[in-house]
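1. Sequence unavailable; structure follows:
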Ligand code: NAD
């Protein structure tokens, strides 16, 4: 059975609360979002018929700043998932210390089945139902799975039409010519590698020079993680996408894999590499494992087969609590999602800030600020990890909860 993500989120907080003896009333408050909303969105389809879609927005906590988090388009979106993701956003924003709370939204839809016109009408319909909840000082959505800068552009335009304002900071993840930020594309993958660098530097895990890395996924996050880690001299030996993966213990040159995927539409069949499944990629004899695709891939069923010494969670929620227990007993270090992949939202904050102040920063400026901010987040997490002799997940939760509870008080 797959773990209910909202139950997982609450269990993670509870564990941290007990270790650090956090204020029980405030912890109870954090286990429920401030507000969640379900809306029905009627959309005129190209063939003249009308279809009703279901959309959600969960606003978890805004003690530290406006609610902030993406909007996901997927056929499996549901309220528990959206609530859990909004919860994780509050904690992620607190770990990386940006002045935002947590929010998340979604629509039950397979966007690949819609025409561009239908997708635009659906996106605008979502905003028409929810625009009163949005705004630069109130709730700032962004892209998530299957949404992008174009969709944010439609949503912003609809928001501005409905409210009669010019308010680009209401949405982040916009395209560059529509108020987006330089460096946002690279931010999550590079941010993960900045954290990884610190893990090695602080000797949290002893890795040989040129240590091997397996990355599940080959999307935005995975490709920039591969690029940056390769540049540091690590050996990316396995990569995968939804159709399967490839493995070569001698290393895969990421640029060549990218070209192969462009030419053939898949990773499978990459010269010199063995085709592997998305299950096998997790269990390879590598030093570092980077889940960068889906949630719930490391479970009680496969945790004992994981051979990596270090897991860097770039996907949201890839590890279930049952797997966490196994990793702790096997002394496998897990750098949790709310720290490892916080580079994305950190740069969304930079985008929001630039919009609010009418500034435009260069890519170098953005990446330098990101590196500084996320490395500080790692140092703050490490101090809790050492203070409580606990896992990095518990330490990150303790750090975030301390910050949120302080603001609530
Ligand atoms: P993406 O859509 O660009 O890439 C997703 C990748 O996962 C693709 O390579 C896809 O082929 C692969 N995939 C899909 N189904 C799979 C399956 N069954 N098995 C293995 N691989 C599969 O998405 P992304 O932006 O790279 O996001 C990846 C993960 O990182 C998600 O969990 C997302 O929530 C998380 N994340 C992303 C960001 C960001 O800024 N993009 C920020 C924080 C967290």
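-> Yep, it's here. What you are looking at is a predicted structure, and each value in this text was computed from that prediction instead of being measured. Residues are numbered from 1 along each chain as shown.
2. Return the residues in contact with the most far-flung residue of the chain relative to its centre.
-> The outermost residue of the chain relative to its centre, with distances by Cα atoms, centre = their mean, is residue 48 at 37.0 Å. Counting by Cβ atoms under 8 Å, 6 or more residues apart in numbering, residue 48 touches no other residue. C-betas here are computed from N, CA, C, even on glycine.
3. I figured residue 189 hits residue 224, correct?
-> Yes: contact criterion Cβ atoms under 8 Å: residue 189 and residue 224 qualify, at 2.6 Å.
4. more neighbours, these two?
-> A count of neighbours by other Cβ atoms under 10 Å puts residue 189 above the other of residue 189 and residue 224, at 26 against 23.
5. What are the phi and psi values at the more buried one?
-> Backbone torsions of residue 189, given as degrees, to the nearest 10, read phi -60, psi -50.
6. How many residues are close by the residue of the stretch 51-200 of the chain found nearest the ligand?
-> Nearest to the ligand in the stretch 51-200 of the chain, going by Cβ to the nearest ligand atom, is residue 188, at a distance of 3.6 Å. Neighbours of residue 188 under the rule other Cβ under 10 Å: 24.
7. Now it: closest residue in space that isn't a chain neighbour?
-> residue 344 (3.8 Å; Cβ to Cβ, 6 or more residues apart in numbering).
8. can you confirm that neighbour is in a strand?
-> No: read with DSSP: H, G, I helix; E, B strand; the rest coil, residue 344 is helix and lies in no strand.
9. wait, what's in contact with it?
-> Residue 344 neighbours (Cβ under 8 Å, 6+ apart): 184, 187-188, 191, 221.
10. how close does it get to the ligand?
-> The spacing between residue 344 and the ligand, counted by Cβ to the nearest ligand atom, to the nearest Å, is 3 Å.
11. Packing partners of the helix or strand harbouring residue 160?
-> Element membership for residue 160, per DSSP states H and E: helix 149-163. Counting contacts by 3 or more Cβ pairs under 8 Å, 6 or more residues apart in numbering; DSSP states H and E, helix 149-163 is packed against strand 67-74, helix 116-130, strand 139-143.
12. just to revisit the earlier point, what kind of secondary structure is the residue farthest from the centre of the chain in?
-> coil.
13. For it, report the pLDDT, please.
-> We have a pLDDT of 98 for residue 48.
14. And for residue 317?
-> 87.
15. For residue 39, which residues are in contact?
-> 54-57, 126, 129-130.
16. can I assume residue 288 is in contact with residue 214?
-> Yes: using Cβ under 8 Å, residue 288 makes contact with residue 214 at a distance of 7.4 Å.
17. For the closest residue to the ligand within the stretch 151-300 of the chain, the count of nearby residues, please.
-> Residue of the stretch 151-300 of the chain nearest the ligand, by Cβ to the nearest ligand atom: residue 219 (1.7 Å). Per other Cβ under 10 Å, the neighbour tally for residue 219 reads 15.
18. longest single helix anywhere in this structure?
-> helix 363-388 (DSSP state H).
19. Around the ligand, which positions in the stretch 101-250 of the chain sit nearby?
-> The stretch 101-250 of the chain has residues 145, 188, 216-222, 240-242 near the ligand, with proximity defined as Cβ under 6 Å from any ligand atom.
20. May I ask which helix or strand encompasses the residue of the stretch 51-200 of the chain closest to the ligand?
-> Residue-wise, residue 188 maps onto helix 184-201 under DSSP H and E.
21. And residue 255, by the same measure?
-> helix 254-264.
22. From the rest of the structure, what touches that helix?
-> Contacts for helix 254-264 (Cβ under 8 Å, 6+ apart): 218, 223, 226-227, 230, 236, 239, 241, 246, 267, 269-271.
23. likewise stretch 233-253?
-> Contacts for stretch 233-253 (Cβ under 8 Å, 6+ apart): 209-219, 222, 226, 229-230, 254, 257, 261, 266-268, 270, 272-278, 280-281, 284, 286, 288, 293.
24. Now do the buried residues in it.
-> By 16 or more other Cβ atoms under 10 Å, the buried positions in stretch 233-253 come out as 234-241, 244-248, 251-252.
25. Straight-line length of stretch 246-260, end to end?
-> End-to-end distance of stretch 246-260 (Cα to Cα, to the nearest Å): 12 Å.
26. Could you look up the SS state of residue 36?
-> Under three-state DSSP, residue 36 comes out as strand.
27. circling back: list the residues that contact both of residue 288 and residue 214?
-> residue 308.
28. Just the element for residue 396, please.
-> Residue-wise, residue 396 maps onto helix 392-408 under DSSP H and E.
29. Can you point out the buried residues in that helix?
-> Going by neighbour count (16+ other Cβ under 10 Å), the buried part of helix 392-408 is 392-405.
30. helix or strand for the closest residue to residue 65 other than its chain neighbours, which one?
-> Leaving out its chain neighbours, the residue that sits closest to residue 65 by Cβ to Cβ, 6+ apart is residue 99, at 3.8 Å. If you go by DSSP H and E, residue 99 is not part of any helix or strand.
31. which intervals of the protein have sub-threshold pLDDT?
-> By pLDDT under 70, the low-scoring segments of the chain are 1-3.
32. Three-state assignment for residue 271, please.
-> coil.
33. brain fart, residue 246
-> Applying three-state DSSP: residue 246 is strand.
34. what does the one 5 residues further on give?
-> Reducing the assignment at residue 251 to three states with three-state DSSP gives coil.
35. do the helix holding residue 255 and the ligand meet at all?
-> No: counting by Cβ under 6 Å from any ligand atom, the ligand is not contacted by helix 254-264; separation bottoms out at 9.0 Å.
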